[in-house]
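Colleague: I need the structure of the sequence given here:
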Amino acid sequence: MVNYREILRLTSLGYSQRQIASSVHCSRRTISEVMTLAQAADIQWPLSEEVTNEVLVATFYPERFAATNLRKEPNYSYIHKELAKPGVNLSLLWTEYCEQAHSAGQIPYMYTQFCEKYRHWAKLTKATMRIKHKPGDAMQVDWAGNTIPLYDKYTGDYSDVYLFVSVLPCSCKAYAEPCENMKGECWLTCHSNAYTYFGGVPRLLIPDNLKAGVIKNTRYETILNRSYQELAEYYGTAIVPARVKRPQDKSLVEGSVKYASTWIIAALRNHRFFSMQEIREAVAEKLEDLNSYPFKKREGNRNSAYLEEEQAFMKPLPLTPYEPAVWSTAKVLSDYLITDGKNKYSIPFDLIGETVDIRLTRNTIEAFFHGSRVASHPRRQCAERDPVTIPEHMPAEHKKYLTYNADEFRIWSKGIGDKTATVVEHFLSGGFAPEQGYKSCASLTKLADRYGHDRVE
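Modeller: As a prediction, this is how the structure comes out:
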């Protein structure tokens with residue numbers, strides 16, 4: 001709008017039309033027209049504060065002012081709430097606004113004015129701008145570049161503790177968790193804990209291109225780590241990795257990583273930690289300070305913004321907690337055993353020479369062949385020498401060997417006859433230990449299989 005008050009003020013000070021036009025950024029023709037209309041209406045400077053530019057427009061251009069009043073003013077609060085819904089944008093809301101204006105016999109604003117007025121309203125009311133980030137739409141994740149030292153109380157040496165950071169772009173609420181390493185199991189556990197901390201699941205998950213989550217990410221295809229994909233399917237979210245060397249794709253988490261480095265890692269620089277539990281407690285305390293710190297450009301903080309504007313749009317958590325699983329592949333050797341790194345476990349012997357998929361969780365180890373589970377074992381927590389075997393996984397000869405013991409041989413011989421039982425007892429008691437007669441007893445069983453029980457007897 002033309003600043004009519006400023007034109008009248010500068011005119012009263014004796015400035016030329018060229019100088020006034022340069023100052024208020026309008027044409028000399030407009031300046032001349034305003035001066036003529038003011039003289040005709042006997043309006044002179046100084047003017048009272050009540051005589052605003054709108055009042056002057058109504059005085060100078062009554063027809064234009066009447067047409068302006070016919071325009072329908074958008075409901076900016078309604079627009080702001082609707083933008084939070086999935087798929088809703090300003091273009092759609094402007095179309096609906098135009099239909100409402102026409103049905104009410106009023107004139108709608110053009111799309112450009114509609115958007116400018118909404119942005120102006122959002123700025124004045126300190127409302128969250130949802131044009132780029134909708135509530136409950138995405139969670140961005142990354143590892144902080146700096147680490148926290150964990151000291152050994154006896155030697156004084158230290159090891160690095162890494163910091164996982166995730167952020168919700170709309171409310172900017174962050175979550176951070178210290179980890180002893182950046183391997184797959186820690187990566188998955190941190191995601192699960194982040195969802196639990198937020199109390200819900202967003203629609204998208206945006207990670208960096210780290211090996212624990214993304215195998216390959218090019219212009220044409222994205223191949224995710226199987227464990228990471230399984231986590232996404234469990235929580236009902238979709239993984240969309242950031243483009244390679246494009247930090248702007250997850251700019252908020254990059255900023256939150258810097259904040260975390262300042263509010264958590266740098267704030268704890270003078271502390272010496274001797275256990276992971278101490279680090280977790282300190283990080284949790286600093287995380288609450290970060291989420292409670294007031295915004296500089298709008299009211300509230302990360303916690304209040306999440307509760308007021310984003311929590312209602314998050315998907316609910318699954319009923320049962322997620323158990324992180326790490327996938328790998330292995331070729332089955334002649335001993336038909338697979339390993340979790342500490343212990344060995346059996347799988348069906350007919351898979352010898354084949355490649356199977358191994359799924360490891362904290363409590364179980366599973367083997368899959370062509371998508372079907374072929375073996376499952378409770379996972380040992382301590383390393384042991386003997387493997388975990390199931391008789392059903394063994395070939396017939398190996399299963400038979402497991403039955404080699406004194407009681408089984410005596411039961412078998414009595415089923416043949418008294419003479420056979422006498423000979424078996426002689427084999428078992430003829431040496432210093434029953435095991436010395438196992439070989440002879442086994443040979444006798446083979447004779448019975450070849451020639452029949454009656455002939456052996």
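
Colleague: So, low pLDDT: which residues of the stretch 1-150 of the chain?
Modeller: Along the stretch 1-150 of the chain, the parts satisfying pLDDT under 70 run over 1, 63-70, 86-87, 124-132.

Colleague: which residue ranges form the helices in it?
Modeller: In the stretch 1-150 of the chain, helices defined by DSSP state H, counting those that start in this stretch lie at 4-12, 17-24, 28-40, 53-60, 62-69, 76-82, 90-103, 111-124, listed in chain order.

Colleague: In CSV, list those along with distance to Glu392 and mean neighbour count.
Modeller: No exception for glycine: its C-beta is placed from N, CA and C like everyone else's. Formatted as CSV, the entries for those read as follows, by distance: least, C-beta to C-beta, whole Å; neighbours: other C-beta atoms under 10 Å:
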stretch, distance to Glu392, mean neighbour count
helix 4-12, 93, 19
helix 17-24, 92, 16
helix 28-40, 94, 15
helix 53-60, 88, 16
helix 62-69, 85, 11
helix 76-82, 60, 16
helix 90-103, 61, 15
helix 111-124, 66, 14
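
Colleague: all helices of the stretch 251-400 of the chain, in order?
Modeller: Assignment of helices within the stretch 251-400 of the chain using DSSP H, counting those that start in this stretch yields the ranges 251-260, 276-292, 302-305, 396-402.

Colleague: Which of those helices sits closest to Lys419?
Modeller: helix 396-402 (23.1 Å; C-beta to C-beta).

Colleague: and the helix or strand hosting Ser413, what does it pack onto?
Modeller: According to DSSP states H and E, Ser413 maps onto helix 406-416. For helix 406-416, the helices and strands in contact under the criterion 3 or more C-beta pairs under 8 Å, 6 or more residues apart in numbering; DSSP states H and E are helix 418-429, helix 438-451, helix 453-456.

Colleague: Just say which of these is most tucked in.
Modeller: Greatest average neighbour count among the helices and strands packed on helix 406-416 goes to helix 418-429 (a mean of 16), per mean count of other C-beta atoms under 10 Å.

Colleague: Convert the C-alpha atoms of whichever helix or strand Phe164 is part of to CSV, please.
Modeller: Counting by DSSP H and E, the element that carries Phe164 is strand 158-167. As requested, C-alpha coordinates have been extracted for strand 158-167 and formatted as CSV (Å, rounded to 0.1, in the frame of the first residue of the first chain):
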residue,chain,number,x,y,z
TYR,A,158,40.4,-43.9,27.8
SER,A,159,38.3,-45.1,25.0
ASP,A,160,35.9,-43.1,22.8
VAL,A,161,32.1,-43.2,23.4
TYR,A,162,30.1,-42.1,20.4
LEU,A,163,26.9,-40.0,20.5
PHE,A,164,23.8,-40.9,18.4
VAL,A,165,21.6,-38.0,17.6
SER,A,166,18.1,-37.9,16.1
VAL,A,167,15.8,-34.9,15.6
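
Colleague: Give me the helices and strands touching that strand, please.
Modeller: The elements that strand 158-167 packs onto, with contact taken as 3+ C-beta pairs under 8 Å, 6+ apart, are strand 138-143, strand 148-151, strand 174-179, helix 184-198, helix 251-260, helix 276-292.

Colleague: which stretch in the ones you listed has the least confidence?
Modeller: If those are sorted by mean pLDDT, helix 251-260 sits at the bottom with a mean of 63.

Colleague: Not counting residues beside it along the chain, what's closest to His398?
Modeller: Distances taken as C-beta to C-beta, 6 or more residues apart in numbering place Phe349 nearest to His398, at 7.7 Å, with adjacent residues excluded.

Colleague: measure the one you found to His377 for me?
Modeller: With distances taken as C-beta to C-beta, to the nearest Å, Phe349 is found 15 Å from His377.

Colleague: For Val141, give the beta-bridge partners.
Modeller: For Val141, the residues forming beta bridges with it (DSSP bridges) are Ser166.

Colleague: From Glu221, how far out is the most centrally placed residue in the chain?
Modeller: Nearest residue to the geometric centre of the chain (C-alpha atoms, centre = their mean): Leu205, 4.3 Å. Going from Leu205 to Glu221 by C-beta to C-beta gives 18 Å.

Colleague: Check Ser171 too.
Modeller: 33 Å.

Colleague: ditto for Val326
Modeller: 23 Å.

Colleague: Kindly report the same for Val2.
Modeller: 57 Å.

Colleague: cool, Glu50 as well?
Modeller: The spacing between Glu50 and Glu221, counted by C-beta to C-beta, is 67 Å.

Colleague: same check, this time on Val283
Modeller: From Val283 over to Glu221 the distance is 37 Å, taken as C-beta to C-beta.

Colleague: For Val2 and Glu221, indicate the residue with more neighbours.
Modeller: For Val2 against Glu221, the residue with the higher neighbour count under other C-beta atoms under 10 Å is Val2, and the figures read 18 against 7.

Colleague: Now the residue lying closest to the more buried one once chain neighbours are set aside. Its backbone dihedrals?
Modeller: On the basis of C-beta to C-beta, 6+ apart, the spatially nearest residue to Val2 that is not a chain neighbour turns out to be Cys26, at 5.5 Å. The phi and psi values for Cys26, taken as degrees, to the nearest 10, are phi -150, psi 180.

Colleague: remind me which residues of the stretch 201-350 of the chain are low pLDDT?
Modeller: In the predicted model, the stretch 201-350 of the chain carries pLDDT under 70 at residues 211-213, 215-220, 243-257, 259-260, 297.

Colleague: which residues of it fall in strands?
Modeller: 204-206, 214-217, 222-224, 238-239, 326-331, 337-339, 344-346 (DSSP state E, counting those that start in this stretch).

Colleague: Ile265 is nearest to which of these?
Modeller: Between Ile265 and these, the shortest gap by C-beta to C-beta is with strand 204-206, which sits at 22.5 Å.

Colleague: how deep is the nearest residue to Pro395 once chain neighbours are set aside tucked in, by neighbour count?
Modeller: Among residues not flanking Pro395 along the chain, Phe349 sits closest, at 5.0 Å (C-beta to C-beta, 6+ apart). Here the number of neighbours of Phe349 (other C-beta under 10 Å) works out to 17.

Colleague: Distance check, Phe349 against Asp42.
Modeller: For Phe349 relative to Asp42 (C-beta to C-beta), the value is 109 Å.

Colleague: need the helices and strands packed on strand 158-167 in CSV with mean neighbour count and distance to Asn89, can you?
Modeller: Rendered in CSV, the data for the helices and strands packed on strand 158-167 read as follows (neighbours: other C-beta atoms under 10 Å; distance: least, C-beta to C-beta, whole Å):
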stretch, mean neighbour count, distance to Asn89
strand 138-143, 23, 16
strand 148-151, 18, 42
strand 174-179, 24, 27
helix 184-198, 20, 25
helix 251-260, 20, 20
helix 276-292, 16, 29
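
Colleague: May I see those arranged in a markdown table, with distance to Tyr97 as well?
Modeller: Written out in a markdown table, the entries for the helices and strands packed on strand 158-167 read as follows (distance: least, C-beta to C-beta, whole Å):
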| stretch | distance to Tyr97 |
| --- | --- |
| strand 138-143 | 28 |
| strand 148-151 | 52 |
| strand 174-179 | 36 |
| helix 184-198 | 33 |
| helix 251-260 | 30 |
| helix 276-292 | 36 |
